[in-house]
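Colleague: Whatever this is, show me its structure:
(chains A and B)
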Number of protein chains: 2
Amino acid sequence: MTRTKEGFQYIKATGQLTQGFECEGAVSPASSFRSVASSHFDLIVIGAGYAGLVAARDATLSGLSVLLLEARDRVGGRTWTAKDSESEIFEMGGTWVHPQQGFVWRELHRYGIDRDIKITPNEDYPSHAVNVTRRKGVEYRQGFAENFDMLDAALARFMDIDVARSVVPFPPHILDSIASDPLLVAKYDKMSVADRVREVEAAALLTEQELGYIIPFIELSFGALAENCSYLEWIKWYIHGNCSYRLLADMLWVYKLKNGQSHLARKIFDEANSTGRLSYSFENVVQKVIDRPSSTKVVTSRGTFCASRVISTLPLNVASKVEFDPPLSALRLEAFAIGHVNKGHKIHNELMKKEFKSGVWNLADDLPLKRHLAAGFGDQILQNGNSTVVAFGLANDPEEVPSKDPSQIPRWLGNLDKSLEQSYVGSIWHEWIADPFAEGTWAMAPPGFTTKYHKELQTRTGNVLWASADWADGWKGFIDGACEQGGRAAHVVVEEWRAGFGRSKL
Amino acid sequence: MTRTKEGFQYIKATGQLTQGFECEGAVSPASSFRSVASSHFDLIVIGAGYAGLVAARDATLSGLSVLLLEARDRVGGRTWTAKDSESEIFEMGGTWVHPQQGFVWRELHRYGIDRDIKITPNEDYPSHAVNVTRRKGVEYRQGFAENFDMLDAALARFMDIDVARSVVPFPPHILDSIASDPLLVAKYDKMSVADRVREVEAAALLTEQELGYIIPFIELSFGALAENCSYLEWIKWYIHGNCSYRLLADMLWVYKLKNGQSHLARKIFDEANSTGRLSYSFENVVQKVIDRPSSTKVVTSRGTFCASRVISTLPLNVASKVEFDPPLSALRLEAFAIGHVNKGHKIHNELMKKEFKSGVWNLADDLPLKRHLAAGFGDQILQNGNSTVVAFGLANDPEEVPSKDPSQIPRWLGNLDKSLEQSYVGSIWHEWIADPFAEGTWAMAPPGFTTKYHKELQTRTGNVLWASADWADGWKGFIDGACEQGGRAAHVVVEEWRAGFGRSKL
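Modeller: Got it, this is the predicted structure:
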């Protein structure tokens, strides 16, 4: 299997920090060019994450010549699967899927891998099947069943289901569905999750224990502190979760792919490639897009390429690094400058105790501790009998990434639970927040952002279509949203190609 | 717009019964053949319902030469949209969609028509916004909000959520998901909904009023009497509805397409056609499939055609009309002979009172009355100010279809509510149960059927792949399930074509 340069591994016993993993999504050699008439492609797709892969596949299947440009040495973008020297696999970014995320579920079903599913959480080790949290110095522990029931009821009170339904009656059209009230939408977008916590505290709607579980759940969902989380966005998640903590949790971190996300990403890439119409260039950084009515030039670190249309899947937090001529709107540039708020670590940790497979740990208000790791839960049992706990930070500092001093990681875990630190073996992770091609993980909006920028981010500019999970209609920030965006953008381009832009070259 | 011969219209004032409507899905001329090498297609798709359309489109996009065979004069199968002389549109079969039905939602989003949505039920006319039912001679009336709350709670008791979740933990894999217990699955498949009603009655879990609403809801969902409905299948619906009456109802009859289902079906057909690789022949009835390893012959009323692969989307209840050589397995033929149980009418009725737009009517146990029409609800306001109520029968008799004596229809409506009969203007409908190419509507399983036949129905035979909503993995019986099945089958064929079966002809 080919290797990627990405990803870190730290082993405590040796103190060794290494970089790079085997990855089914790694592409080698990095470039392949099909001959196209006068070096002019029908379509250039910028970015080989799921949005770009689906766009490139759908467009090549429809007959277009496509050039796929990617800065990394692998497909998948913010989603990829590392394989370590023991052939254990680790999802370094996007991980979980669900049948109610229909765009990605359709991909799995179509490729016949919808049954190659495994489940993250379980109660295999009843002694450790507890959810632990700390708030205001008090530690709470609950068994899973009790915790689910409590959170289902508590979250319903936190949200007020009738309000939630009236604000986001139809989640794929968050701003303006047929049943939406734009004033309500704007009102709740201005609110932060912290604002709502204060309301709930003032009205004494929830116990400290309930808030002790709800706050870290929402903060983990955003990878950000409650103050920076749009309450509108959170309402949408709750509606997506069918107004149930249990059902939402089912969609967030239960079902993952037995053979890894890179296996699916690779299938999409390979299918595009099998058409004979895909050219690609990896490890190639886009610098500038010069968009003219007749043709659009994409200037990269390895040359300049032309196409009739461009689909940009540049993530929100790094899109400003590419220069556009003519310049993008002030509104869009403002959105790029603000970006999304999800700056959370995701670190897989090996522990010498299989029982940790069943545990869940949270920190509700222990600043600054939770800016290191704020939550973790059991994820895998390795062949050596050890467990892994996947841990998440929030509002992390790009200047203080684990690779600068990986010996901190066990201490960070110890903040969640001392016994994790004592059993610590090592870690595997990707530093998304310091990654120049991501600068964050799944996109989550700060207060006011969606109302002001969501539509603008979706809007086409000249020959450039903008497709990213970061501004998807449905499961924004999810693999599903990426598939949604790539499929739609490709179809728009294909329709225009059929209507004639492709004909001039015949 | 082209016309289809299908569909009936009855107008009480004139006593006139007419047949045929304008329909965006009607295809004229009925046949179009692209030249293919030695009259041998890569793929023949039998049936131009959603499964066949998606299969034909995906395969032609991938480069295969495809012949689409259809007995009717239009696309859409059991889903089509009639346009009457006033340009009002009526969904004659499959109607509603939902974002959680991801396969069809993806189609809508991809074609950019996901915002062209309208909503069926509403409370525009508060005076009539009531849900009426009758059970054991007692009539019950509830406002919508009250009815939703009551049914959410009552259905949770009827189902027992913990049992439901343990029987169908992961609905796309009903028989054997990673979390399923096959013994539990078989146990609940043997039970009928009527068995469960008897248990609930014996344990006094529900009031007569609650059962008065729950029984017609389930029977309407099956188009069959409770005795003939698999309780396993109903559990799956409940899980699909996220264990909530309200959420399930949202997926069943709320969101429909502003421009009609035939508009979507047409888009898929047109896209397949735009590839230049689609041949098609409508009003052409398949009689026999002769399947040999090297090539498969399809004998039709208009000639014999050859292909490397065949995707059959023949509906469960009529598949036995096509002869297969070699013969199909005894198990599959048994499944065809038993068929699904949904033999319900769907009749659109125009009423001289706009307030009926907000009403809902049910019959819980009034046999034989409910074998005519068992439920109805307000659906549209026409340009003339009249409302329409769409009414459903169950366990209807193919010998007693409305067209034999349409003057019965107002009386049938009168059984639901006398005032409907008094305001009656006329009706529009399709006689699915007497339709030789359907013999039923959306597929619903009798007790024991799924455990015994579901896998067999999905299994490929030689070069023939079987794709139908009637045995879909996810939303079985729905448009969504048809899209799921067509997409998967096409991909299997495309992979084999890429691997070489297409090469022999180059």
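Colleague: Give me the spatial nearest neighbour of A:E208, chain neighbours excluded.
Modeller: Distances taken as C-beta to C-beta, 6 or more residues apart in numbering or on different chains put A:R135 closest to A:E208, at 5.8 Å, once the chain neighbours are dropped. C-beta coordinates here come from the backbone N, C-alpha and C atoms, glycine included.
Colleague: And the pLDDT for that neighbour?
Modeller: pLDDT recorded at A:R135 is 92.
Colleague: so who does it touch?
Modeller: With contact taken as C-beta atoms under 8 Å, 6 or more residues apart in numbering or on different chains, A:R135 is in contact with A:E208, A:Q209, A:L211, A:G212, A:I215, A:A364, A:D365.
Colleague: Provide the partner residues of it in its beta bridges.
Modeller: Under the criterion DSSP bridges, A:R135 forms beta bridges with A:V138.
Colleague: tell me which element A:A249 is part of?
Modeller: Assigned by DSSP states H and E, A:A249 falls within helix A:245-252.
Colleague: what's next to that helix, contact-wise?
Modeller: So helix A:245-252 is in contact with A:96, A:98, A:100-101, A:148, A:151-152, A:154-155, A:217, A:221, A:237-238, A:240-242, B:242-243, going by C-beta under 8 Å, 6+ apart.
Colleague: just checking, which of those residues belong to helices?
Modeller: Filtering these for membership in helices, criterion DSSP state H, returns A:F148, A:L151, A:D152, A:A154, A:L155, A:F217, A:S221, A:W237, A:Y238, A:H240.
Colleague: What's the nearest residue in chain A when you look at chain B?
Modeller: Closest to chain B within chain A is A:G102: 1.1 Å, counting by C-beta to the nearest C-beta.
Colleague: From B:R110, how far off is the nearest residue to that residue once chain neighbours are set aside?
Modeller: Among residues not flanking A:G102 along the chain, B:G102 sits closest, at 1.1 Å (C-beta to C-beta, 6+ apart). Distance check for B:G102 against B:R110: by C-beta to C-beta, to the nearest Å, it reads 12 Å.
Colleague: Which one of these two is surrounded by more residues?
Modeller: Neighbour totals were compared for B:G102 and B:R110, and B:G102 leads with 30 against 22 (other C-beta atoms under 10 Å in any protein chain shown).
Colleague: Would you confirm that that one contacts A:F103?
Modeller: Yes - here B:G102 reaches A:F103: they are 6.3 Å apart, a contact under C-beta atoms under 8 Å.
Colleague: was I right about A:V322 contacting A:L314?
Modeller: Yes - with contact defined as C-beta under 8 Å, A:V322 counts as touching A:L314 (6.0 Å).
Colleague: okay, those two: which has more neighbours?
Modeller: For A:V322 versus A:L314, the count of surrounding residues by other C-beta under 10 Å is larger for A:L314: 24 against 19.
Colleague: The more buried one and A:S468 touch, don't they?
Modeller: Yes - contact status for A:L314 versus A:S468: in contact at 7.1 Å, counting by C-beta under 8 Å.
Colleague: Please enumerate the shared neighbours of these two.
Modeller: Common neighbours of A:L314 and A:S468 (C-beta under 8 Å, 6+ apart) are A:G47.
Colleague: quick one on the thing from earlier: show the contacting residues for the residue nearest to A:G102.
Modeller: Counting by C-beta under 8 Å, 6+ apart, B:G102 makes contact with A:P99, A:Q100, A:Q101, A:G102, A:F103, A:W105, A:R106, B:D480.
Colleague: Could you find the closest non-adjacent residue to the third one?
Modeller: Put plainly, it is A:Q101. In space, A:Q101 is closest to A:D480, 3.6 Å off (C-beta to C-beta, 6+ apart).
Colleague: thought A:G143 was touching A:S127?
Modeller: No - at 10.9 Å, A:G143 does not count as touching A:S127 under the criterion of C-beta under 8 Å.
Colleague: and those two? which has more neighbours close in?
Modeller: A:G143 (13 against 8).
Colleague: And the pLDDT for the more buried one?
Modeller: Value for A:G143, per-residue pLDDT: 93.
Colleague: pLDDT averaged over the helix holding A:A249, what's the number?
Modeller: pLDDT averaged over helix A:245-252 gives 95.
Colleague: ditto for stretch A:384-395
Modeller: Stretch A:384-395 shows a mean pLDDT of 95 in the predicted model.
Colleague: Mind listing what's buried along that stretch?
Modeller: Neighbour-count burial for stretch A:384-395 flags A:N386, A:S387, A:T388, A:V389, A:V390, A:A391, A:F392, A:G393, A:L394, A:A395 (criterion: 16 or more other C-beta atoms under 10 Å in any protein chain shown).
Colleague: Span of it from start to end?
Modeller: By C-alpha to C-alpha, to the nearest Å, the extent of stretch A:384-395 from end to end equals 34 Å.
Colleague: got it, and stretch A:320-338?
Modeller: Stretch A:320-338 end-to-end distance (C-alpha to C-alpha) = 10 Å.
Colleague: Return the set of buried residues in that stretch.
Modeller: Quick answer for stretch A:320-338 (16+ other C-beta under 10 Å): A:S320, A:V322, A:F324, A:L328, A:R332, A:A335, A:F336, A:I338.
Colleague: what is the mean pLDDT for it?
Modeller: Averaged over stretch A:320-338, pLDDT sits at 98.
Colleague: again, but for stretch A:499-506
Modeller: Per-residue scores along stretch A:499-506 average to 65.
Colleague: Next: stretch A:209-228.
Modeller: Averaged across stretch A:209-228, the pLDDT comes to 96.
Colleague: picking up where we left off before, the helix holding A:A249 relative to helix B:245-252, how many degrees between them?
Modeller: Counting by axes from the mean of the first three to the mean of the last three C-alpha atoms, to 10 degrees, helix A:245-252 points 40 degrees away from the direction of helix B:245-252.
Colleague: Just give me how far whichever helix or strand comes after helix A:245-252 sits from the chain centre.
Modeller: Next in sequence after helix A:245-252, counting helices and strands by DSSP H and E, comes strand A:255-257. Centroid separation for strand A:255-257 versus its chain: 15 Å, with C-alpha atoms, centre = their mean, to the nearest Å.
Colleague: Now find how far off-centre the helix or strand just after strand A:255-257 is within its chain.
Modeller: Next helix or strand after strand A:255-257 toward the C-terminus (DSSP H and E): helix A:261-274. With C-alpha atoms, centre = their mean as the basis, helix A:261-274 stands 18 Å off its chain's centre.
Colleague: My reading is that A:I311 is in a helix; is that accurate?
Modeller: No - per DSSP: H, G, I helix; E, B strand; the rest coil, A:I311 lies outside any helix segment and is strand.
Colleague: ok, it to A:R460 distance?
Modeller: The gap separating A:I311 from A:R460 is 10 Å, by C-beta to C-beta.
Colleague: what's the overlap in contacts for these two?
Modeller: Residues touching both A:I311 and A:R460 by C-beta under 8 Å, 6+ apart: A:W466.
Colleague: Who has more neighbours out of these two?
Modeller: Set A:I311 next to A:R460 and count neighbours by other C-beta under 10 Å: A:I311 wins out with 30 against 13.
Colleague: I'd say that one and A:N463 touch.
Modeller: No - A:I311 is not in contact with A:N463 according to C-beta under 8 Å; the separation is 9.8 Å.
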